[in-house]
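Undergrad: starting from these lines, generate the structure:
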Amino acid sequence: MNQSDASVRDFVDGVAAPVRRRDAETLIDLMGRVTGEQPAMWGPSIIGFGSYHYKYESGREGDAAAVGFSPRKAATTIYLPDGVGAYSEQLDRLGAHTTGVGCLYLKDLSTIDMAVLEQVITESYRRVTAGTFGHRAADSAAAGASEHV
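TA: Numbering: from 1, shown residues only. This next block holds a predicted model:
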């Protein structure tokens with residue numbers, strides 16, 4: 001997915017659900033502070049911060065947002081390119097959430113431990129920006145989907 005020239009502000013202002021819009025503002029502040037990067041649109045609906053280059057053993061390579069999120073209808077999706085499996089201990093302390101291989105789904109940031117979320121985002125950003133990143137999210141420890149309520 002490539003970075004686009006679309007306006008982050010216009011995208012956030014167009015988010016219909018008030019909780020998702022509020023959480024988007026919170027995540028823009030948090031991710032900007034953690035990464036030192038400005039938000040940018042990646043594709044039509046992902047707000048990303050920084051970028052990283054990946055190269056897999058298969059030879060596939062490209063660039064993607066180093067950390068990002070999307071305020072989707074059902075939940076805000078936080079993208080962790082190194083996979084959620086690397087953060088099982090922290091996620092046990094996060095609060096109500098669900099996960100996919102490389103996605104963390106949050107319905108309301110006011111119900112989770114924001115310090116834990118910041119720690120996860122910080123560690124993920126550092127891992128994927130430390131050079132060419134060489135594994136898929138599915139290869140992180142304990143990969144798979146889970147739910148914590």
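Undergrad: switch to C-alpha atoms for all contacts and neighbour counts from now on
TA: OK.
Undergrad: the strands in the protein, which residues?
TA: Ranges of strands in the chain, per DSSP state E, are 39-42, 46-55, 61-71, 76-79, 97-99, 103-106, 146-148.
Undergrad: please identify the most buried of these.
TA: Among those, ranked by average contacts under mean count of other CA atoms under 10 Å, first place goes to strand 76-79 (a mean of 24).
Undergrad: strand partners (parallel or antiparallel) of that strand?
TA: Strand 76-79 sits in its sheet next to strand 61-71 (antiparallel), strand 103-106 (antiparallel), going by DSSP bridges.
Undergrad: tell me which of the strands of the chain sits nearest to residue 17.
TA: Among the strands of the chain, strand 61-71 comes nearest to residue 17, with 8.9 Å by CA to CA.
Undergrad: what's the angle from that closest one to strand 46-55?
TA: Angle, strand 61-71 to strand 46-55, by axes from the mean of the first three to the mean of the last three CA atoms, to 10 degrees: 160 degrees.
Undergrad: least reliable of the strands paired with strand 76-79 going by mean pLDDT?
TA: The minimum mean pLDDT among the strands paired with strand 76-79 belongs to strand 61-71 (a mean of 92).
Undergrad: low-confidence stretches in the chain?
TA: 131-149 (pLDDT under 70).
Undergrad: before we move on, the earlier item: in CSV, list the strands paired with strand 76-79 along with distance to residue 124.
TA: Output for these, formatted as CSV (distance: least, CA to CA, whole Å):
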stretch, distance to residue 124
strand 61-71, 7
strand 103-106, 12
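Undergrad: among those strands, which comes closest to residue 20?
TA: strand 61-71 (5.5 Å).
Undergrad: on that earlier part again, the strands paired with strand 76-79: which one's closest to residue 122?
TA: Closest among the strands paired with strand 76-79, once you apply CA to CA, is strand 61-71, at 9.1 Å.
Undergrad: mind checking the longest helix of the chain?
TA: helix 18-35 (DSSP state H).
Undergrad: what residues of it count as buried?
TA: Neighbour counts over helix 18-35 (16 or more other CA atoms under 10 Å) mark 19-24, 27-28, 30-32, 34-35 as buried.
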